[in-house]
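Trainee: Return atomic coordinates for the entry below.
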Amino acid sequence: MNAHNADRAGSLLITAAVILLFASVPIGIFIVSFVHQSIYLDRSNWFFDSPMSSYISMVSVLLIIPVFLIIIAIYLFRTDESRKRNVNVSIASFATLLVMVAGTYLSLDNYYYIDKDGLYYDELWKLDESFYAWADITAMKQVNKNEGGTLTPEKLIFTYGDQNIELPLTPKLRNEIDPVIAFVENVKGIELIMENISTEN
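Mentor: Alright, predicted model coming up:
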């Protein structure tokens, strides 16, 4: 790569990095929502959602990539053409691609859903989906936050022996969780416990 082509490539990398920096949040949210709704969502599910960690990790990947691109561009600007530079650029490009692929996979493979058999949860740093059957549930609790006398649903906790599975009570979950709670109470005989936590000093 001669000096002219190196400068041109560096300029293109800087431009791409700046665009990606500004677009990382909306693009990350769109990718996670689109892939989960179009590929992972099944009509037999009572509830399906993407944890906040899924969105954060995707946006983080899209923010890290521009950093790599800028580093590569600066390296191209400051070094002369040589076989060593070409090798270093190739290694950096491969590292960028590896981070993008690994981060994207972990982000998209992070979800949870509920059906008639139980709760399925694929955590961010786990490659396998964990299954928690309704037959094994031992307790169910809703935690509400008390702020100035106003109760706000915060999270739902399903207990399986010594293990607690916490689901944040997002507006979506609040609207769709009632049939699940009714099923667990009526069919499995596990009563929902309400716990109010005050945030006042």
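Trainee: so residue 14 makes contact with residue 72?
Mentor: No: if you go by C-beta atoms under 8 Å, residue 14 and residue 72 don't touch, sitting 9.7 Å apart. Where C-beta positions appear, they are placed from N, C-alpha and C, glycine not excepted.
Trainee: If you count surrounding residues, which of those two has more?
Mentor: residue 72 (21 against 18; other C-beta atoms under 10 Å).
Trainee: Each with direction, which strands does the helix or strand harbouring residue 155 pair with?
Mentor: According to DSSP states H and E, residue 155 maps onto strand 150-160. Strand 150-160 has its sheet partners listed here by DSSP bridges as strand 139-147 (antiparallel), strand 163-168 (antiparallel).
Trainee: Which of those strands sits closest to residue 68?
Mentor: Of all the strands paired with strand 150-160, it is strand 163-168 that lies closest to residue 68, at 31.9 Å by C-beta to C-beta.
Trainee: what comes up buried for the helix or strand following the closest one?
Mentor: As assigned by DSSP H and E, the chain's next helix or strand after strand 163-168 is helix 171-176. Buried residues in helix 171-176, counted by 16 or more other C-beta atoms under 10 Å: residue 173.
Trainee: so what does helix 171-176 touch, helix or strand wise?
Mentor: Helices and strands touching helix 171-176, by 3 or more C-beta pairs under 8 Å, 6 or more residues apart in numbering; DSSP states H and E, are strand 47-49.
Trainee: Quick one: list the elements packing against the strand it packs on.
Mentor: strand 111-114, helix 171-176.
Trainee: Report the distance from the next helix or strand after it to the chain centre.
Mentor: Once the chain leaves strand 47-49, the next helix or strand it forms, by DSSP H and E, is helix 52-78. Here helix 52-78 is found 17 Å from its chain centre; the criterion is C-alpha atoms, centre = their mean, to the nearest Å.
Trainee: now do stretch 193-201
Mentor: The answer for stretch 193-201 is 28 Å, by C-alpha atoms, centre = their mean.
Trainee: Show me what the mean pLDDT comes to for it.
Mentor: In this model, stretch 193-201 has a mean pLDDT of 79.
Trainee: and for it, what are the contacting residues?
Mentor: Residues outside stretch 193-201 that contact it (C-beta atoms under 8 Å, 6 or more residues apart in numbering): 139-148, 151, 154.
Trainee: Give me the buried stretch members for the helix or strand bottoming out on mean pLDDT in the chain, please.
Mentor: In the chain, no helix or strand scores lower on mean pLDDT, DSSP states H and E than helix 3-35, which sits at a mean of 83. Within helix 3-35, the residues scored as buried using 16+ other C-beta under 10 Å are 6, 9-10, 13-14, 17, 20-21, 24, 28, 31-32, 35.
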